[in-house]
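Chemist: show me the folded form of this:
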Amino acid sequence: MSYQSMRSELRGSFPKLSWDWTGTLINRAFKQIRDSNLWSFQLAEGQWIAPAQITDGTATTVQGSAQITMDATAAVAINANGNAPYSLLTQRQFRIGAGGVYNIIAWDGVSILTVDRLYGEVSATSSGYQIYQVYYPSPTKTFLRFISVRDMQNFITLNIAQTREELDAQDPQRDWYYFPTWVVPYKPDPRPTSPTYQYMLHELWGAPQYTLNYQLLYIDKLGPLVNPTDCLPPALGEDVVLAKARVYAYEWAEGNKGALDRNVGPDYRFLMGAAQKEYETLFKNYRREDRETVDNFFVTYRGSLYGRFWSNYNTIAGVANPGSFFAT
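Modeler: So this is what the prediction gives:
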C-alpha cells in the first residue's frame, strides 16, 4: 500500500481529519515503530574510498589568514588528483608537519586554497604539506551507528568503539599514518554548501596515505515517507502503522472535542484504547517475524570478527593474514 493510500484510509477512519494531518500522523507512527526495535530493513551497507595523499610542490601560509598559496607544481597535482566521485577536494584536509588539521572549503584552480579557519601555526614559505582525507561522512543523513568497518586490502576490522577523548589521549598530534585502525566520531558536517551537510563525520585514525577501500555495515534510522508512491519496507504491514496512526488521531480528536456534552458523539478514549491494543498485537507479530532475520544476520556475522585476531589463509585470493592484535 502506498503512502497516499494509507493517508486515504486513515482519513476514512476519521472523515473530519485534515489531509495534511494524515501525513503527519502516519509518519509519526512509522517513526515510533522504527525507534521501538531493530528491524532488518535498518541494516545497510556502504563504502568509503580513501584518496591518496597529495604532497607535490610546496605551500606558503600566513599566520592568521585562511588562504594558503600553493606553488605551480602543487596546483598541477591538486587539479589532477583533487577531485574524484568518491572524494571531493572540499571533503579533504590540509596540514603542514605536525600542525593543525584544516578542512578545505575552496580552491580557485590556480594557486589559492581556502581552509575553514585562520591558520594558527607560524607562517611558512615554500613548505612541504599534505592534502588528504581523514574525515568521512556517514553513508546517510539518518545514520545511527556502525556494525563494522572493514579494510578489505589489509585484513583489518577497524575498532568502532573508541571516543574522541581516548583518541586525543592516544595521539594528540595525529602523528600515526599509513593505514587506519580506528573509526572515531568527529562532528556533523557544518558546511551548508556540502553535499553531505549535517551528515555525521567520522575520523579514520591513523590517517590513510594511499587509496584504500572500506566496506561499511551500519544501522540506518531511515526517514519519513515523502512521495505519494512511497511504500513501507517489506517487513512491516500498513495495518500496524495505521493502527498506531489511529491512536494519535483519536487522541487528537479527544483533546479537541471542545465544550460538547460528553454523551454526544463517539467517546474517542475507547476508540483510542482499541486502536492501541490492535497496534500492540500487530507490532509483536511483525517484530517476532523480523527478529529471526536480524538475529541470523548478527550470529552469522560474528563468526568472522575473529579474523582480525587469529591468523588465516584465503585459498581463493591466495593470501595469508598473520592476525592483527594491534588493530584493537
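Chemist: what segments of the stretch 151-300 of the chain are helices?
Modeler: Under the criterion DSSP state H, counting those that start in this stretch, helices of the stretch 151-300 of the chain are mapped to 164-170, 238-255, 268-302.
Chemist: and the ones you listed, which one averages the lowest pLDDT?
Modeler: Across these, helix 268-302 has the smallest mean pLDDT, namely a mean of 83.
Chemist: what's it packed up against?
Modeler: Applying 3 or more CB pairs under 8 Å, 6 or more residues apart in numbering; DSSP states H and E, one finds that helix 268-302 contacts helix 238-255. Quick note: C-beta positions are derived from backbone N, CA and C, even for glycine.
Chemist: let's have the helices of the stretch 151-300 of the chain in TSV, adding distance to Gly97.
Modeler: Shown next, in TSV, are the helices of the stretch 151-300 of the chain (distance: least, CB to CB, whole Å):
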stretch	distance to Gly97
helix 164-170	19
helix 238-255	56
helix 268-302	41
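Chemist: now, of those, which is deepest in the fold?
Modeler: Compared across the helices of the stretch 151-300 of the chain, helix 238-255 shows the largest average neighbour count, a mean of 21 (mean count of other CB atoms under 10 Å).
Chemist: my read is that Arg28 contacts Val247, right?
Modeler: No - using CB atoms under 8 Å, Arg28 is not in contact with Val247; the gap is 9.9 Å.
Chemist: so which residue is dead centre in this structure?
Modeler: By CA atoms, centre = their mean, the mean C-alpha position of the chain lies nearest to Ser138, the distance being 2.9 Å.
Chemist: list the contacts of the residue nearest to that residue when sequence neighbours are not counted.
Modeler: In space, and not counting its chain neighbours, Ser138 is closest to Met200: 4.4 Å by CB to CB, 6 or more residues apart in numbering. Residues in contact with Met200, defined by CB atoms under 8 Å, 6 or more residues apart in numbering, are Pro137, Ser138, Phe143, Pro185, Tyr186, Lys187, Pro188, Asp189.
Chemist: and with 6 Å instead?
Modeler: By CB atoms under 6 Å, 6 or more residues apart in numbering, Met200 lies in contact with Ser138, Phe143, Pro188.
Chemist: just give me the neighbour total for the last one.
Modeler: The local packing of Pro188 (other CB atoms under 10 Å) involves 14 other residues.
Chemist: so what's it bridging to?
Modeler: With DSSP bridges as the criterion, Pro188 is bridged to Met200.
Chemist: so it sits against Thr196, correct?
Modeler: No - Pro188 lies out of contact with Thr196 (CB atoms under 6 Å); the separation is 9.3 Å.
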